[in-house]
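K.L.:
Quick one, fold the following:
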Amino acid sequence: METRELRYFVAVAEELHFGRAARRLGMAQPPLSRAISRLERRLGAALLERTSRTVTLTEAGSVLLREARAALDAVAAAEQRTRRAALAASGQAGVVLATKAGASGELLAKMLDAYAAEPDAVAVDLLLCGIGEQERMLRDGRADVALLHLPFDSTAGFDSEELLTEGQVLVVPSGHPLALREQVRTAEVGEPAGLPLARWPERDGRYPEGAGPEVRDQAQLYQLIALGRACCVVPESVRTLLREDLTAVPVVDAPPVTTVIAWPPHSRSRAVADLVRTATQL
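P.N.:
Here you go, the predicted model:
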């Protein structure tokens, strides 16, 4: 299979609509349909079930979607890391660190300051991203190292070191009755409190079902909470970044969140090794 075919299939499988997939790929729909049909004939398997109204994945299609994403990530990673290796050979490369915007702010600042003080430190380029995006950036080669958060992100296939474990808090408007509480339990969060939990996109970009509003970034989230339209449960370290009109209340039975620094196991970057060592010594 060619990477072009895999890109075509992933677009259709994610959109579940040939027209939208064609627009996403910047091509006409008929050649896209023919390309998917050729792929199915060559594999000897139906990948999609098509009706006049819907497109759904078959079991074989679900397997190929998972494998195709991994293959495309691997190709992109190879390209990105090869380019950075060439820059490193000429002394121009830095380290690209991916981290979720608004998360682990104090830890990140301490880590960057400590690393900058190292005699052989190189430039650290930050990629600030949304929920769960830093894992994908690390897998596809856009980042050399990333701060991930367990149990929400996956470290499968990476080397990693734990940096910080913390509890979680419920963020509500400061005028809400729960804001006066010293602690809450998960059963009191969301609909029981009259504030639905905000919904973040899954790894495939789709939003889970629920009553809460769809959100894409922290600024949007906090604005909706301040307006009394939503709430969220986040790591305790977010307290330092909250606006004055928001209050954080500990959720005593929420699972702890562990921040880890992760990197590809085949990395041979001295700068990545130094940054990891600095982070684990904080």
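K.L.:
Run through the strands of the stretch 151-282 of the chain in chain order.
P.N.:
159-166, 168-173, 232-235, 246-250, 257-263 (DSSP state E, counting those that start in this stretch).
K.L.:
Of all those strands, which one is nearest residue 7?
P.N.:
strand 257-263 (26.2 Å; CB to CB). To be clear about C-beta, it is placed using only N, CA and C from the backbone, and glycine gets the same treatment.
K.L.:
Packing partners of the closest one?
P.N.:
strand 145-150, strand 159-166, helix 270-280 (3 or more CB pairs under 8 Å, 6 or more residues apart in numbering; DSSP states H and E).
K.L.:
Excluding sequence neighbours, find me the nearest residue to residue 210.
P.N.:
Nearest residue to residue 210 in three dimensions, chain neighbours excluded: residue 199, at 5.1 Å (CB to CB, 6 or more residues apart in numbering).
K.L.:
what's near enough to touch the one you found?
P.N.:
Applying CB atoms under 8 Å, 6 or more residues apart in numbering, we find residue 199 in contact with 207, 208, 210, 212, 213, 214, 215.
K.L.:
So which helix or strand of the chain has the lowest pLDDT on average?
P.N.:
Across the helices and strands of the chain, mean confidence by mean pLDDT, DSSP states H and E is lowest for helix 59-89: a mean of 80.
K.L.:
angle of the helix or strand that comes right after that helix against helix 270-280?
P.N.:
Beyond helix 59-89 on the C-terminal side, the first helix or strand identified by DSSP states H and E is strand 95-100. Here strand 95-100 points in a direction 40 degrees away from that of helix 270-280 (axes from the mean of the first three to the mean of the last three CA atoms, to 10 degrees).
K.L.:
report the angle between the axes of strand 95-100 and helix 59-89?
P.N.:
Using the same axes, to 10 degrees: strand 95-100 against helix 59-89 is 140 degrees.
K.L.:
Extract the C-alpha trace of the helix or strand that strand 95-100 is followed by and format it as PDB.
P.N.:
Using DSSP H and E, the helix or strand that follows strand 95-100 towards the C-terminus is helix 105-116. As requested, the backbone C-alpha atoms of helix 105-116 are provided in PDB (Å, rounded to 0.1, in the frame of the first residue of the first chain):
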ATOM      1  CA  GLY A 105       2.900  25.400  34.400                       C
ATOM      2  CA  GLU A 106       5.100  25.600  37.500                       C
ATOM      3  CA  LEU A 107       6.800  22.400  36.800                       C
ATOM      4  CA  LEU A 108       7.500  23.400  33.200                       C
ATOM      5  CA  ALA A 109       8.900  26.800  34.200                       C
ATOM      6  CA  LYS A 110      11.300  25.200  36.800                       C
ATOM      7  CA  MET A 111      12.400  22.500  34.300                       C
ATOM      8  CA  LEU A 112      13.200  25.000  31.500                       C
ATOM      9  CA  ASP A 113      15.000  27.400  33.900                       C
ATOM     10  CA  ALA A 114      17.100  24.500  35.300                       C
ATOM     11  CA  TYR A 115      17.900  23.200  31.800                       C
ATOM     12  CA  ALA A 116      18.800  26.600  30.500                       C
END
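K.L.:
got a list of what the residue nearest to residue 102 when sequence neighbours are not counted touches?
P.N.:
Excluding its sequence neighbours, the residue lying closest to residue 102 (CB to CB, 6+ apart) is residue 218, at 4.1 Å. Contact partners of residue 218, counting by CB under 8 Å, 6+ apart, are 101, 102, 241.
K.L.:
could you dump these to JSON lines with neighbour count and pLDDT?
P.N.:
Below are the contacts of residue 218 laid out as JSON lines (neighbours: other CB atoms under 10 Å; pLDDT from 0 to 100):
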{"residue": "101", "neighbour count": "17", "pLDDT": "80"}
{"residue": "102", "neighbour count": "19", "pLDDT": "76"}
{"residue": "241", "neighbour count": "15", "pLDDT": "81"}
